[in-house]
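Asks: This is the structure alone, sequence omitted:
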Ligand code: ZN
């Protein structure tokens, strides 16, 4: 079954650790061996996996994204949020994580991050856990 996680972001650009919420969906699914797909149905947000031990890593990722994708380009998109669209495409809208023994098979330092690039907003993540 397709599950929806609702997220309220707090600032323009941020990474939110949703590992425990995604694990909760896995636990409730009853699947012990399989795949967990996470999809972000937005054009200015994304999902990624990275270190969740040192919060400085989140800050560094955002610092470099902001440096790489300037606000000052001659963007043509009239809505004014082209940097957010570009950042979302670079990170991507989906991840897949193996599930084993009912747990996400993440590395010791890995967490699942929702990436907000045009907040604050109410957002959704779609999660599907598949046996196999
Ligand atoms: Zn736009």
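Replies: Sure thing, it's come through. Only a predicted model underlies this, so the values are computations on that prediction, with no experimental measurement involved.
Asks: can we go C-alpha only for contacts and neighbour counts from here?
Replies: Will do.
Asks: Quick one: the strands in the protein, in order.
Replies: For the chain, applying DSSP state E gives strands covering 2-8, 14-17, 34-39, 45-51, 94-100, 103-104, 110-116, 122-131.
Asks: Which one, of those, ends up nearest to residue 85?
Replies: Residue 85 lies closest, by Cα to Cα, to one member of the strands of the chain: strand 45-51, at 7.8 Å.
Asks: anything in the closest one near the ion?
Replies: No - interface with the ion: strand 45-51 contributes nothing (Cα under 5 Å from the ion), its closest point being 11.1 Å away.
Asks: quick one: strands adjacent to that strand?
Replies: strand 110-116 (antiparallel) (DSSP bridges).
Asks: Contacts only, for the spatially most central residue of the chain.
Replies: The centroid of the chain falls nearest to residue 47 when counting by Cα atoms, centre = their mean (2.1 Å). Shown in contact with residue 47 (Cα atoms under 8 Å, 6 or more residues apart in numbering): 38-40, 91-95, 112-115.
Asks: ok, so what distance separates it from residue 27?
Replies: Separation of residue 47 from residue 27 (Cα to Cα, to the nearest Å) stands at 20 Å.
Asks: Then residue 57?
Replies: 28 Å.
Asks: give me the number of residues near residue 127?
Replies: Counted by other Cα atoms under 10 Å, the residues lying close to residue 127 total 22.
Asks: Quick check: chain neighbours aside, which residue is closest to it?
Replies: Leaving out its chain neighbours, the residue that sits closest to residue 127 by Cα to Cα, 6 or more residues apart in numbering is residue 38, at 4.6 Å.
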